[in-house]
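Q: Using only what follows, build the 3D model:
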Amino acid sequence: MSRQQEMFGRLAVHFKLLSLDQLNHAMEVQASEGIDRRLGAVLVGLGYMTPANVERILQFQRSNPKYADPEGTSDVPPRRPPPTSRPTSTGGGGYASVPAASVSPTPVAAPTSSNGPGAFVPSHNRPVPQNLSTKDLVVAEPHALAKPATPTPDNALSRLHGLLKEASRLNASDLHIHAGATVKMRIHGSVVPIGSQPISAAESEAMLMAALSADQRSTFESEGELDLAYTVPAVGRYRTNIYKQHRGIDGLFHVVPMNPPSLSDLRLPNELARLTTYSQGLILLTGPSGCGKSATMAALLNVINEERADHILTIEDPIETIHPCKRSVVNQRQVGRHTESFHRALRAALREDPDVIALGELRDFETISLALTAAETGHLVLATLHTNNAIRTIDRLVGVFPSNQQAQVRTMLSDSLRGIVSQRLVPTADGEGRVPALEVLISTKAIANLIRENKTFQLRDILQTGQAQGMCLLDGSLAELLKAGTISREEAARFADDPRRLGA
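A: Sure, this is the predicted structure:
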């Protein structure tokens, strides 16, 4: 930190625009980011000061040079925290730290300061004169911060946060930033352009790179793509993918619930809560990308967290919904940040005394094999899988194994499977949202026998007649939504496996 920035912080504390604890915290954030970012921008990003107050102090320093550069007025150097004094994430499971400039100008509560080693202590040899008052501050012109002359990372980040805030206002599920094209948002399932002016490759790159830490930028440059979870205080949380394409750098921000949702929040039937009563076995949540699988799993984990005194361990890439400890102890691990891979974390999980293991995705042979083993050895395992229905889910799990092992895997799966929920998000008839349509399989002796005997093609008949056990086909769920007038016939037919089952 320069001497001018040090005096800036002293003046802010003296004029009671900032507390000493808030200054300590801002300095830690500035040091941990490892980039040349002004202290005023950090304070605005944390919500400790408004842009107007930052500009007032800067104007005061420009008008009073002796407060702009205290160099040489003391032999005592300023104390500041080392770069390693604060982790590079906001905590809570690996969400990237966010220098959220201009997002929330309202001051927030200051963190508690220990005033221990590394705390900022203003030098008594270099005090701010006590006869200064807020009337000495020069009030900035209203346009002073409106539009800087040249683009900066802070400006790009502010623009990105503005787009994310607009996405929240419009209830969009996704924000697409495309180099050379207009910004687009997915609203109620449809991709809609926002504005008419395309953003240049340079603008897209500036916005997306401003959201990354130095380590994340290095990983992105070497690999050409990056998955992360990104949070903007008071705006939202996002599962993010940034990638290179032929026009430049693009990014996708998918909205993640800030708090664990309930089944009713997601318009899911309360009967699904019965899946959380099992003490061991395998529960699979399936469907195409963007159908709400992760949100459904978060809702089921929340039920367990509220009703059972267990140890819940999640393995995700990246961590999405943050689960606070309620009745259960919850540990959340992120692949690439806290562990090398899904299967390595899952192997370690078997020695970490979990009762419930949640896997963000069953991606490969080894992860699927370990998940089946965990389900057989007394753990309740919840996982997501990209398959279209219950029958294909079972065939997919068995099919990843070599042919000489598939009979044994079918036996393991028939014993450990507890249920499969396959879902779609269907636009409502009024165009104001989307509603889930479900295919639900609940394991019974008859279903276990069909899996063991490799007769999965007969499962459809049991799903169709198993309503008393809580089972249904996707087409049956669509037919009920259509009958209730919740969705239109066109949308029901678009998602149905066989539109003829929808009825007249």
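
Q: Would you mind pulling the contact partners of the helix or strand encompassing residue 185?
A: Using DSSP states H and E, residue 185 sits within strand 183-187. With contact meaning C-beta atoms under 8 Å, 6 or more residues apart in numbering, strand 183-187 is reached by 163, 166-167, 170-178, 191-195, 199, 290. Where you see a C-beta, it was placed from the backbone N, CA and C, and this is true even at glycine.

Q: would you say residue 253 is within a strand?
A: Yes. Counting by DSSP: H, G, I helix; E, B strand; the rest coil, residue 253 is found in a strand.

Q: Can you give me the separation between it and residue 289?
A: Using C-beta to C-beta, to the nearest Å, we find residue 253 at a distance of 15 Å from residue 289.

Q: Write the ChimeraX selection for whichever of the contacts of strand 183-187 are buried.
A: Listed next is the ChimeraX selection for buried residues among those, using 16 or more other C-beta atoms under 10 Å:
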select :163,166,167,172,173,174,175,176,177,178,194,199
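
Q: still on that earlier bit, okay, buried residues for the strand holding residue 185 please.
A: Neighbour counts over strand 183-187 (16+ other C-beta under 10 Å) mark 183-187 as buried.

Q: and the very next helix or strand once past that strand, how far from the chain's centre?
A: Note on strand 183-187: by DSSP H and E, the next helix or strand toward the C-terminus is strand 190-194. Here the centre of strand 190-194 is set off from its chain's centre by 22 Å, with C-alpha atoms, centre = their mean, to the nearest Å.

Q: avg pLDDT for strand 190-194?
A: Across strand 190-194, pLDDT averages out at 90.

Q: Repeat that for stretch 231-242.
A: Per-residue scores along stretch 231-242 average to 91.

Q: ok, now stretch 389-400?
A: 94.

Q: export it as PDB, just CAs?
A: Provided in PDB are the C-alpha atoms of stretch 389-400 (Å, rounded to 0.1, in the frame of the first residue of the first chain):
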ATOM      1  CA  ASN A 389     -35.300 -41.300 -17.700                       C
ATOM      2  CA  ALA A 390     -35.200 -44.000 -15.000                       C
ATOM      3  CA  ILE A 391     -34.700 -46.900 -17.400                       C
ATOM      4  CA  ARG A 392     -31.800 -45.300 -19.200                       C
ATOM      5  CA  THR A 393     -30.300 -44.300 -15.800                       C
ATOM      6  CA  ILE A 394     -30.000 -48.000 -14.800                       C
ATOM      7  CA  ASP A 395     -28.700 -49.000 -18.200                       C
ATOM      8  CA  ARG A 396     -26.100 -46.200 -18.100                       C
ATOM      9  CA  LEU A 397     -24.800 -47.200 -14.600                       C
ATOM     10  CA  VAL A 398     -24.400 -50.900 -15.700                       C
ATOM     11  CA  GLY A 399     -23.000 -50.000 -19.100                       C
ATOM     12  CA  VAL A 400     -19.900 -48.200 -17.900                       C
END
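
Q: Below-threshold pLDDT in the stretch 151-300 of the chain: ranges please.
A: Low-confidence segments of the stretch 151-300 of the chain (pLDDT under 70): 151-153.

Q: Next one: residue 416 from residue 446, what distance?
A: Taken as C-beta to C-beta, the span from residue 416 to residue 446 is 17 Å.

Q: The two - which one has more neighbours?
A: residue 416 (21 against 14; other C-beta atoms under 10 Å).

Q: so what's that one up against?
A: For residue 416, the contacting residues are 280-282, 372, 375-376, by C-beta under 8 Å, 6+ apart.

Q: how near is it to residue 286?
A: From residue 416 to residue 286 the distance is 16 Å (C-beta to C-beta).

Q: Residue 356 too?
A: Applying C-beta to C-beta to residue 356 and residue 286 gives a distance of 19 Å.

Q: So residue 365 is in contact with residue 400, correct?
A: Yes. Counting by C-beta atoms under 8 Å, residue 365 does reach residue 400; the two are 4.9 Å apart.

Q: The two - which one has more neighbours?
A: Between residue 365 and residue 400, residue 400 has the larger neighbour count (other C-beta under 10 Å), namely 16 against 12.

Q: So what does the more buried one look like in phi/psi?
A: Main-chain dihedrals, residue 400, degrees, to the nearest 10: phi -80, psi -10.

Q: Could you do residue 315 as well?
A: phi -130, psi 110.

Q: ok, it - contacts?
A: 333, 335, 339, 342, 345-346, 349, 357-360.

Q: repeat that with 6 Å
A: By C-beta atoms under 6 Å, 6 or more residues apart in numbering, the contact list for residue 315 reads 333, 342, 345, 359.

Q: and of those, the nearest to residue 391?
A: Using C-beta to C-beta, residue 359 comes nearest to residue 391 of those, at 21.2 Å.

Q: mind listing what the nearest residue to that closest one once chain neighbours are set aside touches?
A: Closest residue in space to residue 359, ignoring its immediate chain neighbours: residue 383 at 4.0 Å, by C-beta to C-beta, 6 or more residues apart in numbering. Counting by C-beta under 6 Å, 6+ apart, residue 383 makes contact with 284, 359, 362, 371.

Q: partner strands of the helix or strand containing residue 383, parallel or antiparallel?
A: When secondary structure is defined by DSSP H and E, residue 383 falls within strand 380-385. Strand pairing for strand 380-385, determined by DSSP bridges: strand 281-286 (parallel), strand 356-359 (parallel).

Q: wait, which of the ones you listed is closest to residue 424?
A: Taking these one by one with C-beta to C-beta, strand 281-286 is closest: 10.5 Å.

Q: Check what contacts the closest one and list those residues.
A: So strand 281-286 is in contact with 275, 293, 296-297, 375, 381-385, 387, 393, 416-422, going by C-beta under 6 Å, 6+ apart.

Q: Go through those and flag which are in strands.
A: Here DSSP state E is the test, and the contacts of strand 281-286 give 381-385, 417-422 as lying in strands.

Q: just these now: which is nearest residue 211?
A: residue 384 (25.5 Å).

Q: show me what contacts the closest residue to that closest one other than its chain neighbours?
A: Leaving aside its chain neighbours, residue 384 sits nearest to residue 293 (4.4 Å; criterion: C-beta to C-beta, 6+ apart). Residues near residue 293 by C-beta under 6 Å, 6+ apart: 285, 287, 384.
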